[in-house]
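Colleague: My questions are about this predicted structure, shown below with the sequence.
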Amino acid sequence: MTSVPDNDAAGATRKGRTGFVLTQGGRKVLWAWSFLALPIVFYCWIRFYPTFSAFWLSFTDWDLLRPANFVGLENYQRLFADPVFWKTFNNTFAYLIIGMPISLVLSFVIAYFLDRVRFGHSFLRALYFIPFLTTAAALAWVWRWFYQPIPIGVINGILSGLHLPAQPFLRSPAQALPSIMVTAIWAGLGFQIIIFIAGLRAIPQTYYEAARIDGLSEWAILRKITLPLLKPTTIFLTVFSSIGFLRIFDQVYNMTTNDPGGPLGSTKPLVLMIYQTAFSSFDMGYAAAQTVVLFIILLAISLLQLYLLRSR
Amino acid sequence: MSDLTTTPPLKFAKLRPRVVITWTVLLIGGLIMVTPLLYMFSTSLKSAGQVFDLRLIPVAPTFDNYVKVLANGDFMRWFVNSTVIASIVTLSNCFFDSLVGYTLAKFRFRGRQLVFIAILSTLMIPTEMLVIPWYLMSSQLGWLDSYWGIMFPGLMTAFGTFLMRQFFAGVPDDFLEAARIDGLNEFEIWWKVAMPLVTPAVAALAIFTFLGNWTAFFWPLIVTTSRELYTLPIGISSFSDAQDTKWEMIMTGAALATIPTLLVFLLLQRFIVRGVMLAGLKG
């Protein structure tokens, strides 16, 4: 393919036996491995070993104090019988099933129209993109402030101005999860819009010209050309946003710091349960089993993406 | 303004009603998007007595809150911690991810594909799964509550390596071969010849890594226990939400955490947007 010859360590031995002189290819192989040496140590030590370690811990009763004992599938049995797990499981999928479609549709519609705007394009784009650059911990406070009751909360202030009843938002088990979801969608929207615009621009103009000559309406062009050709971008963003919602933590933790995941556990996602099990209760083996479950869910979604992209 | 001058006036006039409606709706949506930030900045400029006045433009703007927050030793400490940690991690990623990406793109040797797939496979492993073993490792090695403890998991990333490999693959071999004939060693070829050819990619990687570490929350929350070692997000999340919450102070802290990334964005907007597009399409 390229002008670089395919060599391996054998290149070193050709002359190396007698004179310690390496061929050029042999030298390059040595260079390559010396460049990779430290990174290989890093990936083995900081990525692969902990992965196996997490699997192993999920089969033990390790709690930081006593040495870990192998307990087989006990942690998993306990997990599937734990009502808190099923509650957080439902919450996590509520974030996903409501948040992902809303954020995708919103970002597509905004990207579709924003892409056509010439005047002030980069200004408008900046307005939508800026929230993506903010720190969740900082902006969570702004949203908490928005959701406060009268006289502090901005949203309740507006509601009372319109003579509508005040809402409890974060203080109500029914409204807290949607309130946090709004924040999460808001924070991620800018990124999705930018990626959709990139996807829209990658569609060759000739398709549109041909469609216009054929007299297709804008709606027909959108359905028959734009959406089908945008499929790879849409699949990427669906998976990216799904993984984001399944791993939601920063917004939830920061908007409910008095009682993380509250009120009454109504906003608690899986990652927050993992955090509390591991670092408040120090029930490490049980927490490891929860992380394995999260891993399997995320893996299934990633594999689904690969399958969908391949079957195209 | 240049957009306005390059648009032919006739075409503009022809599309007018629809364009104006689209534009106005997009503007309103965009303003709603930045409302939380506007309120944050507005409240940070209000005195304690004005906080409940919900007007967006402060009646008597004051920088007193900024002076108070910055005079607070804790906050400055967190700001410095975040800056140092995000900078070191960014430098490390730019160096190692580029070096590994280059090696995987431009060298042919047995095991190359294996190394590449192994690194890429780590993208599938969620951080949440690794934090418990990392915590165990850190406590055994005395890394808890230290800069190193906060930084070590992110010193190299598969995403950065993959991104850089894609860009180095586009560098012509002739350039590298010419440098080889000039007698540069392989490290010099990478550093002096190949790296300057992919500067935009390195810059994009630097911006992502810095932003990611500046806003990082989950691992720093786990690994730090003493207030002096908090990063900015952890420090801000430790503010208390009691009856006497000083909202104007919290908003000032939040504003100070947001200003650096906002400034970088305003300076490098086109560049960052292109970087996100590239990373999104290639990643």
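Modeller: Nice, thanks for sending it over.

Colleague: so where's chain A uncertain?
Modeller: The model of chain A has pLDDT under 70 over residues A:1-22, A:311-312.

Colleague: of all of it, which residue lies closest to chain B?
Modeller: A:Leu127 (3.1 Å; C-beta to the nearest C-beta). Bear in mind the C-beta positions are built from the backbone N, C-alpha and C, glycine included.

Colleague: Tell me how far that residue lies from A:Ile110.
Modeller: Separation of A:Leu127 from A:Ile110 (C-beta to C-beta, to the nearest Å): 10 Å.

Colleague: name the element the most centrally placed residue in chain A belongs to?
Modeller: The residue lying closest to the centre of chain A (C-alpha atoms, centre = their mean) is A:Gly244, at 2.5 Å. Using DSSP states H and E, A:Gly244 maps to helix A:231-246.

Colleague: ok, and does the helix or strand following that helix reach over to chain B?
Modeller: With elements assigned by DSSP H and E, the helix or strand that comes after helix A:231-246 is helix A:250-255. Yes. Using C-beta under 8 Å from any C-beta of the partner chain, helix A:250-255 reaches chain B at A:Asp250, A:Tyr253, A:Asn254.

Colleague: buried set for stretch B:210-229?
Modeller: B:210-224, B:229 (16 or more other C-beta atoms under 10 Å in any protein chain shown).

Colleague: wouldn't B:Asn81 be in contact with B:Leu229 here?
Modeller: Yes. Applying C-beta atoms under 8 Å, one finds B:Asn81 in contact with B:Leu229, separated by 6.5 Å.

Colleague: if I look at those two, which residues touch both of them?
Modeller: Shared contacts of B:Asn81 and B:Leu229 (C-beta atoms under 8 Å, 6 or more residues apart in numbering or on different chains): B:Tyr147.

Colleague: what's near enough to touch the residue of chain B found nearest chain A?
Modeller: With C-beta to the nearest C-beta as the measure, B:Gly30 is the residue of chain B nearest to chain A, at 3.1 Å. Contacts for B:Gly30 (C-beta under 8 Å, 6+ apart) come out as A:Leu124, A:Leu127, A:Tyr128.

Colleague: A:Leu124 too?
Modeller: A:Leu114, A:Val117, B:Trp23, B:Leu26, B:Leu27, B:Gly30.

Colleague: need the longest helix for the chain.
Modeller: Since no chain was named, I'll use chain A. helix A:83-114 (DSSP state H).

Colleague: switch to chain B, that's the one I care about
Modeller: Every helix in chain B considered (DSSP H), the longest is helix B:73-106.

Colleague: quick one: average pLDDT of stretch B:173-184?
Modeller: Mean pLDDT, stretch B:173-184: 90.

Colleague: Residues contacting stretch B:182-192, please?
Modeller: A:Arg27, A:Lys28, A:Trp31, A:Ala32, A:Phe35, B:Ser98, B:Leu99, B:Tyr102, B:Leu176, B:Ala179, B:Arg180, B:Val193.

Colleague: A:Ala220: how many residues sit nearby?
Modeller: By the criterion of other C-beta atoms under 10 Å in any protein chain shown, A:Ala220 has 12 neighbours.

Colleague: doesn't it fall inside a helix?
Modeller: Yes. Counting by DSSP: H, G, I helix; E, B strand; the rest coil, one finds A:Ala220 located in a helix.

Colleague: How about the spatially most central residue of chain B: what's its closest non-neighbour residue?
Modeller: Geometric centre of chain B, nearest residue: B:Leu211, 1.1 Å, by C-alpha atoms, centre = their mean. Using C-beta to C-beta, 6 or more residues apart in numbering or on different chains and skipping residues adjacent in sequence, the residue nearest B:Leu211 is B:Thr261, 6.1 Å away.

Colleague: Isn't that neighbour up against A:Leu133?
Modeller: Yes. Counting by C-beta under 8 Å, A:Leu133 is a contact partner of B:Thr261 at 4.5 Å.
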